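Engineer: 3D model of this:
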Amino acid sequence: MKSNPTPNADVVLRPRAVERLVVGTETSDGAGVRLTRVLPHSLQRRLDPYLMLDAFGSDDPDDYIAGFPDHPHRGFETITYMLAGNMRHRDSAGHEGLLGNGGVQWMTAGRGVIHSEIPQQEEGVMEGFQLWLNLPARDKMCVPWYKNFGPTDLPRYTTDDGVAVTVIAGTSHGVSGAVTREATAPLYLDIRLPAGTRFAQVLPPGHNAFMYVYRGQAGVAGRAIPKQHMAILANDAQADGVMIEAAGDARVLLVAGRPLNEPIAQYGPFVMNTQEEIRQAMADYRDGRLGAAA
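Structural biologist: Numbering: from 1, shown residues only. You can find the predicted model right below:
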C-alpha cells in the first residue's frame, strides 16, 4: 500500500506565471470514441517532451463503446489514467491488463507494438486521459514495455491544508511516483484542491510545464483557469515552481518534463526523429515486422 506517506513541504518562492490558456478541440479517435484533444500537434515543440493529451468523458455508451481496436505505435510512450470505467489492454508483445477506476496504464511502444484498448462496460461513465510522452532518439527502438497500476499502486499524500495528490510520475513533496524516466524526468500529478486551499510544487526552471483543470476552477499567479482549459506555464529562469489556488473545489492535472530538444517527425501513431525513420516504420507495419517478436 503506497497511499498517504508523510510528505515534505515544497517551498516555492518565485512561482511561474501563466503564458497562455488553451481550449481543447472536440474530435474522435479509434473506432469513433469522442474525446477532447487538449494538447494538439501544434504545441509539441512548446511542451516537449509531451506530444499529446486527450481527455475523454461520457455516460453515453455510443461515445466510447467501440473503443480502440488494434492499432500500431512506435517511438514514444502512452500513459492512460482512468478516472471512471474499465478498459481492456492487449498488445503484440504479450501484455494484457484491465484498467479500472483510478488506475494507470503505462506503455512504452519503443521499436513497435500493436495494441487494442476496448471498454469492458456497456453503460455508465467512462472518463480519463491519455498522455503521450516522447522517447529520446537513443531509446526509440527499445524493447516494448507495459505495466498496469491499480489505484493502490499509485503513491498518494495529503497536505496539511487537505490537498490530496496522486503522484503518477516524478516526485512531489518528497513522494516518488509510480514511474520515473531519466531522459524526460516526467512529473504527472492529479491534484484535488478543497475550496480555499493552495498547492505549491517545485519545478526545475528548464522544464516545460502545463496544467489542465477538469473540475471547478483554479488560479495561478492571479490568472483564473476555467474548467476544461489547459494553462501553459511560462518558462522563467528565475522561477522555482508553481503555486495553484482554488477558491472553490477544484481538480487539476499538473504535468512537467525535461525537453529533449530533438527533431520530431510524426505520422499518425509513429513518432520518430526523421522522415526516413517514419517511412521505415510504415514499411515495417505494412510488411508485418512492426510488433513482431525480436
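Engineer: ok, now how distant is residue 60 from residue 124?
Structural biologist: Residue 60 sits 10 Å away from residue 124 when distances are taken as CB to CB, to the nearest Å. Placement of C-beta: from N, CA and C, glycine included.
Engineer: between the two, what contacts are shared?
Structural biologist: With contacts defined as CB atoms under 8 Å, 6 or more residues apart in numbering, no residue is shared by residue 60 and residue 124.
Engineer: distance from the chain centre to the helix or strand of the chain with the lowest mean pLDDT, please.
Structural biologist: In the chain, the helix or strand scored least confidently by mean pLDDT, DSSP states H and E is strand 25-29, which has a mean of 85. Chain-centre distance of strand 25-29: 17 Å, with CA atoms, centre = their mean, to the nearest Å.
Engineer: partners of it in the sheet?
Structural biologist: Next to strand 25-29 in the sheet, as set by DSSP bridges, lie strand 33-39 (antiparallel).
Engineer: tell me the mean pLDDT for the partner strand?
Structural biologist: Per-region confidence: strand 33-39 scores 91 on mean pLDDT.
Engineer: can you check stretch 235-246 too?
Structural biologist: Rounded to a whole number, the mean pLDDT of stretch 235-246 is 97.
Engineer: next up, identify which helix or strand the residue nearest the centre of the chain is on.
Structural biologist: When CA atoms, centre = their mean is applied to the chain, the residue found nearest the centroid is residue 131 (3.1 Å). Assignment of secondary structure by DSSP states H and E places residue 131 within strand 126-134.
Engineer: quick one, that strand and strand 25-29 angle?
Structural biologist: 90 degrees (axes from the mean of the first three to the mean of the last three CA atoms, to 10 degrees).
Engineer: any idea what the closest residue to residue 203 other than its chain neighbours is bridged to?
Structural biologist: On the basis of CB to CB, 6 or more residues apart in numbering, the spatially nearest residue to residue 203 that is not a chain neighbour turns out to be residue 241, at 4.7 Å. Beta-bridge partners recorded for residue 241 (DSSP bridges): residue 15, residue 202.
Engineer: my guess is residue 241 contacts residue 15. True?
Structural biologist: Yes: if you go by CB atoms under 8 Å, residue 241 and residue 15 touch, sitting 6.0 Å apart.
Engineer: so what sits against both of the two?
Structural biologist: When CB under 8 Å, 6+ apart defines a contact, the residues bordering residue 241 and residue 15 alike are residue 200.
Engineer: only alpha carbons, please: show stretch 67-84 as PDB.
Structural biologist: Taking Å, rounded to 0.1, in the frame of the first residue of the first chain, the C-alpha atoms of stretch 67-84 are listed here in PDB:
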ATOM      1  CA  GLY A  67     -13.000   1.700 -28.100                       C
ATOM      2  CA  PHE A  68      -9.700   1.500 -29.900                       C
ATOM      3  CA  PRO A  69      -9.200  -1.700 -31.900                       C
ATOM      4  CA  ASP A  70      -5.800  -3.000 -32.900                       C
ATOM      5  CA  HIS A  71      -3.500  -0.100 -34.000                       C
ATOM      6  CA  PRO A  72       0.300   0.400 -34.000                       C
ATOM      7  CA  HIS A  73       2.700   2.700 -32.200                       C
ATOM      8  CA  ARG A  74       6.400   3.300 -32.400                       C
ATOM      9  CA  GLY A  75       8.900   5.700 -30.800                       C
ATOM     10  CA  PHE A  76       7.100   7.100 -27.700                       C
ATOM     11  CA  GLU A  77       5.200   6.200 -24.500                       C
ATOM     12  CA  THR A  78       1.400   6.300 -23.700                       C
ATOM     13  CA  ILE A  79       0.100   7.000 -20.200                       C
ATOM     14  CA  THR A  80      -3.600   6.300 -19.800                       C
ATOM     15  CA  TYR A  81      -5.200   7.400 -16.500                       C
ATOM     16  CA  MET A  82      -8.700   6.200 -15.900                       C
ATOM     17  CA  LEU A  83     -10.900   8.200 -13.500                       C
ATOM     18  CA  ALA A  84     -14.000   6.000 -14.100                       C
END
